[in-house]
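In: My questions concern the predicted model and sequence given below.
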Amino acid sequence: MADPGGARRGTALIRDSSRSAIAWNRSPDIGFDRAVNPYRGCEHGCVYCYARPSHACLGWLPGLDFETKLLFKPDIAALLEKDLRKPGYVARPLALGSATDPYQPVERTLKLTRAVLQVLERTSHPVSIVTKSAGVLRDLDILVPLARRGLVQVFLSVTTLDARLARRLEPRAATPQRRLQAIADLARAGVPVAVLAAPMIPGLNDAELEAILEAAAAAGARQAGYTLLRLPHELGEIFRHWLATHVPDRATRVLDLVRETRGGALNDARFGHRFSGTGAYADLLARRFSHAVRRLRLQTGPELDCTRFVPPGEAQAGRAGSQLSLF
């Protein structure tokens with residue numbers, strides 16, 4: 001099996017023919033019911049990414065194909081406007097980057113995430129962003145006005161503070177220090193920012209939980225979250241291979257602990273359990289997290305304003321100073 005995160009190969013960009021920008025979900029353990037993902041697949045190459053198996057549904061490999069065959073939605077801004085214009089649409093926080101990173105390297109040239117944010121800013125639509133890239137700072141000119149209206153929160157994912165481990169786990173993502181600096185820059189600009197200590201990998205990076213939260217709080221994070229490693233479908237074998245290659249002395253211990261938190265398996269897809277796990281080990285991690293966020297006062301996050309939304313046609317008309325459209 002090829003090693004995810006190994007030698008870089010050429011990236012193939014493939015047009016996504018989706019007719020809608022918004023993906024809806026009814027998951028009771030996710031804090032949003034809608035999301036926009038400009039890309040499928042991700043160049044960051046994070047070995048633990050739960051989205052990897054989605055590439056198998058396309059007939060590709062969840063390993064290197066996930067990192068090198070990227071679907072992109074060139075008309076995503078227009079599709080989003082179409083979705084927001086539908087009769088009866090009610091604004092609620094929209095998640096940007098729920099599957100793959102909206103600020104992965106290809107975004108520097110395609111700028112699809114920026115186009116999405118421009119639509120959301122024009123329509124005063126609330127949005128939460130999840131990324132592990134400092135590239136989010138490029139769009140401060142949009143994020144700051146959104147923040148002033150209570151319409152945005154950015155979540156920076158920090159998996160480890162160990163740069164060497166990060167390079168092996170997340171070979172083409174920003175370094176941990178760069179992510180902490182991005183938290184500081186966002187906070188300084190007045191953009192509400194949170195840290196995600198995710199995923200916590202038993203026996204590998206879990207001892208860093210408190211240190212990650214402390215560093216993020218010192219940088220200016222207001223809120224925090226965490227998830228426990230989950231290994232759905234083909235991801236279990238991919239991660240097993242990574243462990244054998246990079247940390248063979250700990251491979252058995254890590255997998256045993258994962259099974260302990262997943263009812264004896266490598267994954268537990270049940271709602272209410274998939275992000276936090278079960279058992280004594282998972283309970284201890286949850287208590288450690290709760291204690292740390294209380295101590296660091298990271299519990300309270302902003303409630304995004306859903307009352308300002310103006311559908312696209314009306315938003316443009318209002319900015320032009322003309323009469324608002326009735327349709």
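Out: Right, received. Where do you want to start?
In: CA only for contacts and neighbour counts going forward, please
Out: Noted.
In: show me where pLDDT drops low in the stretch 151-300 of the chain?
Out: Under the criterion of pLDDT under 70, the regions of the stretch 151-300 of the chain flagged as low confidence span 272, 300.
In: residue ranges of the strands in it, please?
Out: Taking DSSP state E, counting those that start in this stretch as the criterion, the stretch 151-300 of the chain contains strands spanning 152-157, 193-200, 223-228.
In: Using TSV, lay out those strands together with mean neighbour count.
Out: Output for the strands of the stretch 151-300 of the chain, formatted as TSV (neighbours: other C-alpha atoms under 10 Å):
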stretch	mean neighbour count
strand 152-157	25
strand 193-200	25
strand 223-228	21
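In: With distance to residue 171 added, can I get those in JSON lines?
Out: Converted to JSON lines, the strands of the stretch 151-300 of the chain look like this (distance: least, C-alpha to C-alpha, whole Å):
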{"stretch": "strand 152-157", "distance to residue 171": "14"}
{"stretch": "strand 193-200", "distance to residue 171": "15"}
{"stretch": "strand 223-228", "distance to residue 171": "20"}
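In: closest one to residue 100 among those?
Out: Closest to residue 100 of these is strand 152-157 (C-alpha to C-alpha; 12.2 Å).
In: didn't residue 251 look like it was pressed against residue 245?
Out: No: using C-alpha atoms under 8 Å, residue 251 makes no contact with residue 245, being 9.1 Å away.
In: Those two: who's more crowded?
Out: residue 251 (19 against 12; other C-alpha atoms under 10 Å).
In: what pLDDT does the nearest residue to residue 121 once chain neighbours are set aside get?
Out: If you skip the residues right next to it in sequence, residue 121 has residue 146 as its closest partner in space, 6.2 Å away by C-alpha to C-alpha, 6 or more residues apart in numbering. In this model, residue 146 is scored at 98, pLDDT.
In: which strands and helices sit next to the helix or strand hosting residue 146?
Out: According to DSSP states H and E, residue 146 maps onto helix 140-148. The elements that helix 140-148 packs onto, with contact taken as 3 or more C-alpha pairs under 8 Å, 6 or more residues apart in numbering; DSSP states H and E, are helix 112-123, strand 152-157.
In: on contacts alone, who are the packing partners of the shortest one?
Out: It refers to strand 152-157. In terms of contacts (3+ C-alpha pairs under 8 Å, 6+ apart), strand 152-157 is packed against strand 127-131, helix 140-148, helix 176-188, strand 193-200.
In: closest one to residue 45 among those?
Out: When the helices and strands packed on strand 152-157 are ranked by proximity to residue 45, the top entry is strand 127-131, at 13.5 Å, counting by C-alpha to C-alpha.
In: now the closest one: how far from the chain's centre is it?
Out: If you compare the mean C-alpha spot of strand 127-131 with that of the full chain, they lie 7 Å apart, counting by C-alpha atoms, centre = their mean, to the nearest Å.
In: Kindly report the same for stretch 138-154.
Out: Per C-alpha atoms, centre = their mean, the centroid offset for stretch 138-154 relative to its chain is 17 Å.
In: Equivalent analysis for stretch 293-301, please.
Out: Distance of stretch 293-301 from its chain centroid, counting by C-alpha atoms, centre = their mean, is 21 Å.
In: Over to stretch 14-31?
Out: The chain centroid and the centroid of stretch 14-31 are separated by 14 Å under C-alpha atoms, centre = their mean.
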